[in-house]
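Trainee: what's the 3D shape of this:
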Amino acid sequence: MPGTTQPSLQKPPELDPDASLAGRQKVTTGNGSIPYSKGKKGDALTIAVSCQGKGKITVGVRPVQVSFPLECGADQVSTVSNEFALSGVERSGVVSVEAFSAVRWSLTVGRGAPTEVDPPGAG
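Mentor: Residues are numbered from 1 along each chain as shown. Next up, the predicted model:
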């Protein structure tokens with residue numbers, strides 16, 4: 001469509017306007033680790049990651065021990081944003097990315113109030 005801009009890896013993914021920046025990684029190839037700063041109790045941790053290149057990346061978050069995969073397209077940028085509202089995410093930590101050498105990625109870590117709460121029994 002004319003006038004539509006494709007997502008780009010030139011800049012790390014954007015966060016919601018009300019989130020505060022906790023860490024950022026510009027375009028990287030292969031594996032990497034990004035430290036993130038401490039937050040306030042009750043804050044959620046949001047991780048937005050973009051990738052391009054044939055393959056998959058796995059994003060892990062310490063110290064809360066959660067991870068998620070992202071399938072990357074050869075010709076287009078894939079972007080996903082995940083929010084974690086778990087006990088312990090208020091502490092500082094590290095986001096680690098495992099990526100094939102053919103995959104380029106960038107990442108932004110943010111903090112803010114949780115956007116929604118799952119009802120009891122969900123998940």
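Trainee: can you tell me the closest non-neighbouring residue to Ser20?
Mentor: Closest residue to Ser20 in three dimensions, ignoring its sequence neighbours and counting by Cβ to Cβ, 6 or more residues apart in numbering: Arg111, at 5.2 Å. All C-beta atoms are positioned from the backbone trio N, CA, C, and that covers glycine.
Trainee: just the buried positions in stretch 52-63, please.
Mentor: Of all the residues in stretch 52-63, those buried under the rule 16 or more other Cβ atoms under 10 Å are 52-53, 55, 57, 59-61.
Trainee: make that stretch 32-39, sorry
Mentor: Along stretch 32-39, these residues count as buried under the neighbour rule (16+ other Cβ under 10 Å): 32, 34, 36, 39.
Trainee: cool, stretch 65-76 as well?
Mentor: In stretch 65-76, residues buried by neighbour count (16+ other Cβ under 10 Å) are 70, 72.
Trainee: what does it contact?
Mentor: Around stretch 65-76, the neighbours that count as contacts under Cβ atoms under 8 Å, 6 or more residues apart in numbering are 6-7, 49, 51-61, 78, 80, 82, 84, 86, 103, 105.
Trainee: got JSON lines for the buried residues of stretch 32-39, with secondary structure and pLDDT too?
Mentor: Listed next are these as JSON lines, based on DSSP: H, G, I helix; E, B strand; the rest coil; pLDDT from 0 to 100:
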{"residue": "Gly32", "secondary structure": "strand", "pLDDT": "96"}
{"residue": "Ile34", "secondary structure": "strand", "pLDDT": "96"}
{"residue": "Tyr36", "secondary structure": "strand", "pLDDT": "96"}
{"residue": "Gly39", "secondary structure": "coil", "pLDDT": "92"}
